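>>> here's a sequence, model it:
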Amino acid sequence: MPKNEQNNEDEVGKPLNAYAKYSSIGFQMVVVIGIFTYAGYKIDEAGKHEVKWATAALALVGVFIALYIVIRSVKN
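The predicted structure follows:
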């Protein structure tokens, strides 16, 4: 295969690979935040808390962890 044709194929695949990489980041964020929020909800439910502090705190922890994952992924 000539070198020009090989370069064209690589350039076509790059946007698709970037799209797949960055679209999966959003899914990862939703999953991480959801897991932490669900854990907080279950803690509040088991403790019969009137104010849902565990849900709020763990949801916030999930957001920070998700942001860390995004920054680490984009940096690479």
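>>> can we go C-alpha only for contacts and neighbour counts from here?
Noted.
>>> mind checking the longest helix of the protein?
Once the chain is assigned using DSSP state H, the helix that runs over the most residues is helix 3-47.
>>> list the contacts of stretch 64-76.
Contact with stretch 64-76 is made by 25, 28, 29, 32, 33, as judged by CA atoms under 8 Å, 6 or more residues apart in numbering.
>>> what does stretch 26-44 give?
Contacts for stretch 26-44 (CA under 8 Å, 6+ apart): 52-59, 61-63, 65-67, 70.
>>> can you show me the CA trace of that stretch as CSV?
The C-alpha coordinates for stretch 26-44 follow below in CSV (Å, rounded to 0.1, in the frame of the first residue of the first chain):
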residue,chain,number,x,y,z
GLY,A,26,-19.6,11.3,29.8
PHE,A,27,-20.8,7.8,30.4
GLN,A,28,-18.1,7.2,33.1
MET,A,29,-19.1,10.5,34.8
VAL,A,30,-22.8,9.5,35.0
VAL,A,31,-21.9,6.0,36.4
VAL,A,32,-19.4,7.3,39.0
ILE,A,33,-21.8,10.1,40.2
GLY,A,34,-24.7,7.7,40.2
ILE,A,35,-23.0,5.0,42.2
PHE,A,36,-21.9,7.5,44.9
THR,A,37,-25.4,9.1,45.0
TYR,A,38,-27.1,5.7,45.3
ALA,A,39,-24.7,4.7,48.2
GLY,A,40,-25.5,8.0,50.0
TYR,A,41,-29.2,7.4,49.4
LYS,A,42,-29.0,3.9,50.9
ILE,A,43,-27.1,5.2,53.9
ASP,A,44,-29.7,7.9,54.5
